[in-house]
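Undergrad: what would the 3D arrangement of this be:
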Amino acid sequence: MENDPQVRAGLSQRLQELRLENQMTQAELARLCDIPQPVLSLYEKADSNRMPTLYGLVKLANVLRVSTDYLLGRTNERTGSASFLPEDSVLKELSVKDRQILIHIAKALLLAAKTKQEIMRSKKIPSKAEQTPETGA
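TA: So this is what the prediction gives:
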């Protein structure tokens, strides 16, 4: 990866800005990206010669929901592609922590729905759609 001082300075500034914008500590971002916290600290220091690997850069971009080009200062557009789902604009407004909470809630709802289906099947309780109006059962 290019180790240009201007690229390093842009990367360090954008990483720190995005991390703070998402209300994350270096330790939290490092954990999510599977990068040692001291290494992430070096990435955020403009005077450091340390640059992420391609794999590390992609992980950082994914967690921070920006393009690698944005992290490297090659563009001022945060994302490289247009959003096709209206929900994406809502999700982009959430912090990384809030998106993680939302994912946990969605997983819990799916688990609850599956559990309910399994209980109904095991007890052979007909769902409302399967109940006949004459019998009520």
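
Undergrad: make it CA atoms for all contacts and neighbour counts henceforth
TA: Fine.

Undergrad: quick one: the helices in the chain?
TA: 5-21, 26-33, 37-43, 54-64, 68-71, 86-92, 96-123 (DSSP state H).

Undergrad: contacting residues for the residue positioned nearest the centre of the chain?
TA: With the centre of the chain defined as its mean C-alpha position, the nearest residue by C-alpha atoms, centre = their mean is residue 63, 4.4 Å away. If you count contacts by C-alpha atoms under 8 Å, 6 or more residues apart in numbering, residue 63 has them with 29, 32-33, 96.

Undergrad: so which of the helices of the chain is nearest residue 79?
TA: With C-alpha to C-alpha as the measure, helix 68-71 is the member of the helices of the chain nearest residue 79 (7.4 Å).

Undergrad: so which residues make contact with the closest one?
TA: Contacts of helix 68-71 (C-alpha under 8 Å, 6+ apart): 10-11, 14-15, 57-58, 61, 75-80.

Undergrad: how about a markdown table for these, with neighbour count and distance to residue 104 added?
TA: Below are the contacts of helix 68-71 laid out as a markdown table (neighbours: other C-alpha atoms under 10 Å; distance: C-alpha to C-alpha, whole Å):
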| residue | neighbour count | distance to residue 104 |
| --- | --- | --- |
| 10 | 18 | 33 |
| 11 | 26 | 30 |
| 14 | 17 | 28 |
| 15 | 25 | 25 |
| 57 | 19 | 25 |
| 58 | 17 | 23 |
| 61 | 22 | 21 |
| 75 | 13 | 33 |
| 76 | 12 | 31 |
| 77 | 13 | 29 |
| 78 | 16 | 25 |
| 79 | 15 | 24 |
| 80 | 13 | 27 |
